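kindly generate the corresponding structure for this input.
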Amino acid sequence: MIAHGHLVSEFDVAVEDCPAASPDHSFVAEGAGSRAAAVVVEPWGEAAWTATFASPDPGRRALSALLGTPSTTGLCVVERGTVFLGDVLEPEGFDVVLTPGPVVAAEELAAEAVLLLVTPWAITAVGISGVLWTTPRIAIDGLRVDEASDGWVGGVADPDDDEPRDFAVELATGQVVGGAMIA
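Take a look at the predicted model:
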């Protein structure tokens, strides 16, 4: 079982439905169209700022979310499966994080101080100082993360397949045991 705790953040962030002015910052992933998510970020004790995050069409259902990271000032913006990661105190430093496919789910593991970004094929972990690791491909088409304990996260690769496979990933290293074993 996954203990769903939220990572502690020292800022407020929200999607801005109808921005009244041009954003302070604009971040565009390669291949992005004109659609972008507009957000307002309010770091505690600092000036608020706005930004847009544009991503390409993922071609499948994907996650859009505003997530904290293990850093109290870290923000992870997932827009249509594309990940933008940065520090709210240094907004010009947000970067696109390349993942092996669009992010379809995220798990905040507060006790382990890690944010997991799940694609249909692999998992990327974000720690206090940024990306920790990305697993090799674990599944042919679909991952389900079911539990986290004792420094490992576990789940099922290809859960809707005739032959689903259990897998486990060590949170400290990204080492994978099980899964579809795709090279």
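
is it true that residue 44 touches residue 11?
Yes. The criterion here is C-beta atoms under 8 Å, and residue 44 meets it with residue 11 at 6.0 Å. Where you see a C-beta, it was placed from the backbone N, CA and C, and this is true even at glycine.

higher neighbour count, the two?
Between residue 44 and residue 11, residue 11 has the larger neighbour count (other C-beta atoms under 10 Å), namely 19 against 11.

tell me where the protein has helices.
Under the criterion DSSP state H, the chain carries no helices.

so where's it shaky on pLDDT?
1-5, 182-183 (pLDDT under 70).

can you rerun that using 50?
Where the chain drops to pLDDT under 50, the residues are 1.

closest to the centroid, which residue in it?
Centroid-nearest residue in the chain, with C-alpha atoms, centre = their mean: residue 117, separated by 3.9 Å.

how much space separates residue 74 from residue 179?
From residue 74 across to residue 179, the span is 28 Å (C-beta to C-beta, to the nearest Å).

hmm, what's the outermost residue in the chain?
In the chain, the residue that sits farthest from the middle, by C-alpha atoms, centre = their mean, is residue 162; the gap is 28.6 Å.
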